[in-house]
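Trainee: Output the structure for:
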Amino acid sequence: MADAFFNTMQNEKFISGNWQGKNIKPSSYYSSNWGFTPLDSMYAFLSVAALKGGWPFKKIQGPNLTLLNFKPLNRIDSVAAKILTTGQSTLEMGHIELANYYGSRGELELAFKEYNALIYTVPYLDLFYEPAVKILMQMENYNKALEVLFESLKYQETAFAYQWIGQIYLVNNETPKGITFLKKAIEMGSEDLALHFNLGRALFKTSQFTQGDAILNQLKKRSANSYFIPELEAFRKLSLDNFKIASEYIKEAQNYLKVKDYKKAYTILQQSLQIQETSSAYEFIGMIELMNGSKSVSLTHLEKAYAINYEKNPMLMYNLSNAYYANAEFSKAKLLFERLKKSYPNFSDPAKLENKLLEVNKSLIN
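Mentor: Residues are numbered from 1 along each chain as shown. Alright, predicted model coming up:
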């Protein structure tokens with residue numbers, strides 16, 4: 001019935017003559033994702049039953065014994081009945097009780113659904129996001145955890161959300177992206193030693209040794225005896241050794257680029273990334289992909305290069321602007337190109353990108 005009502009509104013253009021349906025999900029999505037559990041269903045059932053157990057639904061005078069006569073058949077029934085009969089609990093407390101119950105039994109999916117119901121009930125409170133995300137991490141359901149964390153950021157920025165988003169990206173081997181979020185968590189005042197360790201490790205992994213050393217020194221100041229320190233120092237040494245090896249691979253790849261043997265250069269650059277992540281390798285691969293017409297793949301690599309070597313390489317900024325333009329992401333291309341011009345006013349424009357962006361802007365205005 002809900003679908004019929006919605007479709008009629010859309011077909012008859014009740015809301016808008018130009019109904020944009022691309023962001024509208026089918027009802028099946030909402031029914032499988034909304035914050036509703038069997039506890040909510042039983043709570044509603046008992047509430048209606050109690051209402052119908054008295055006047056005017058029941059003509060015979062006398063006390064309403066509906067809830068007192070109710071015989072719970074399972075844990076959900078018992079929790080719902082307790083909420084309605086004792087006055088010592090609420091529906092929110094019932095969801096927490098069941099989440100703890102399911103968690104103690106290892107039924108993590110059910111535990112998450114109870115917290116998800118609470119998130120839907122009060123989405124602007126960060127109180128329930130944390131236990132929900134921790135359960136999803138136990139389940140190794142990283143994509144769902146990211147979804148929940150980004151949803152929480154719509155209502156309130158928290159160091160917790162940024163830290164876990166960053167750590168999930170690290171787990172998914174999206175290190176440059178993870179670094180961005182871990183830095184935000186620290187900017188928000190988090191003093192979690194594990195956060196600093198993970199950020200330092202990620203910086204060393206991507207050959208950002210100066211920034212990594214700064215994080216290592218912060219760790220030493222905060223907790224000189226932390227077991228994180230020798231572990232991070234050992235990883236720094238390993239990363240530095242790997243960087244030297246990867247640099248040799250990149251030099252070899254550059255020689256092949258000079259003679260336009262892009263296939264061989266690409267292979268060697270990929271091998272270098274298996275040893276150590278570097279901005280140079282990502283940039284060169286991105287440019288090869290762009291020349292080959294693989295625009296979206298090129299953009300992915302150039303964004304990684306830029307995330308590692310932020311605004312220190314004007315040619316990288318320019319190449320990334322071109323990649324945004326090639327992928328029709330004109331606002332990003334324009335923003336980065338303007339940043340490039342401001343930081344490097346004498347930088348040339350070999351691909352005439354500025355003229356191209358002006359033409360795009362004119363066409364959008366017209």
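Trainee: can we go C-alpha only for contacts and neighbour counts from here?
Mentor: OK.
Trainee: I figured A253 hits Q270, correct?
Mentor: No: the criterion here is CA atoms under 8 Å, and A253 misses it with Q270 at 9.9 Å.
Trainee: separation between Y155 and Y129?
Mentor: Here Y155 is placed at a distance of 11 Å from Y129 (CA to CA, to the nearest Å).
Trainee: Now do the strands in the stretch 1-150 of the chain.
Mentor: Taking DSSP state E, counting those that start in this stretch as the criterion, the stretch 1-150 of the chain carries no strands.
Trainee: which residues of it score low on pLDDT?
Mentor: Low-confidence segments of the stretch 1-150 of the chain (pLDDT under 70): 1, 17, 19-23.
Trainee: And the helices in it?
Mentor: 2-11, 27-33, 38-52, 66-69, 75-86, 91-104, 108-121, 129-138, 142-153 (DSSP state H, counting those that start in this stretch).
Trainee: Is it possible to get TSV of these that adds mean neighbour count and distance to S207?
Mentor: Below are these laid out as TSV (neighbours: other CA atoms under 10 Å; distance: least, CA to CA, whole Å):
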stretch	mean neighbour count	distance to S207
helix 2-11	12	53
helix 27-33	10	41
helix 38-52	16	50
helix 66-69	12	66
helix 75-86	17	53
helix 91-104	18	40
helix 108-121	21	38
helix 129-138	18	28
helix 142-153	18	26
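Trainee: nearest to K264, of those helices?
Mentor: Nearest to K264, of all the helices of the stretch 1-150 of the chain, is helix 142-153, at 34.9 Å by CA to CA.
Trainee: orientation of that closest one relative to helix 129-138 in degrees?
Mentor: Orientation check (axes from the mean of the first three to the mean of the last three CA atoms, to 10 degrees): helix 142-153 against helix 129-138 gives 170 degrees.
Trainee: Buried ones in the longest helix seen in the chain, by neighbour count?
Mentor: Longest helix of the chain, by residue count under DSSP state H: helix 228-258. Residues 228-229, 232-233, 235-236, 239-240, 242-243, 246-247, 249-250, 253-254, 256-257 are the ones in helix 228-258 that count as buried (16 or more other CA atoms under 10 Å).
Trainee: Tell me the helices and strands packed up against it.
Mentor: Contacts defined by 3 or more CA pairs under 8 Å, 6 or more residues apart in numbering; DSSP states H and E place helix 228-258 against helix 193-205, helix 209-222, helix 262-275.
Trainee: Show me this structure divided up by domain.
Mentor: Following the assignment in automatic domain parsing, the chain carries domains at 37-47+64-151, 278-365.
Trainee: if we can go back for a sec, possible to save the helices of the stretch 1-150 of the chain as JSON lines with distance to N322?
Mentor: Converted to JSON lines, these look like this (distance: least, CA to CA, whole Å):
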{"stretch": "helix 2-11", "distance to N322": "39"}
{"stretch": "helix 27-33", "distance to N322": "37"}
{"stretch": "helix 38-52", "distance to N322": "52"}
{"stretch": "helix 66-69", "distance to N322": "68"}
{"stretch": "helix 75-86", "distance to N322": "58"}
{"stretch": "helix 91-104", "distance to N322": "50"}
{"stretch": "helix 108-121", "distance to N322": "41"}
{"stretch": "helix 129-138", "distance to N322": "38"}
{"stretch": "helix 142-153", "distance to N322": "29"}
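Trainee: where in the stretch 251-366 of the chain is pLDDT low?
Mentor: Within the stretch 251-366 of the chain, the stretches with pLDDT under 70 are 310-311, 365-366.
Trainee: again, 80 this time
Mentor: Scanning the stretch 251-366 of the chain with the threshold set as pLDDT under 80 gives 310-312, 362-366.
Trainee: okay but G35 is in contact with T121, surely?
Mentor: Yes: at 7.5 Å, G35 counts as touching T121 under the criterion of CA under 8 Å.
Trainee: Excluding covalently adjacent residues, which one is nearest to Y266?
Mentor: Once flanking residues are discounted, Y266 sits nearest to I285: 6.2 Å by CA to CA, 6 or more residues apart in numbering.
Trainee: where's the one you found, which helix or strand?
Mentor: In this assignment (DSSP states H and E), I285 forms part of helix 279-291.
Trainee: Check the offset of that helix from the chain's centre.
Mentor: 25 Å (CA atoms, centre = their mean, to the nearest Å).
Trainee: Ok, stretch 127-145 next?
Mentor: 12 Å.
Trainee: How about residues contacting it?
Mentor: Stretch 127-145 has contacts (CA atoms under 8 Å, 6 or more residues apart in numbering) with 108-109, 111-112, 115-116, 118-119, 148-149, 152, 160, 168.
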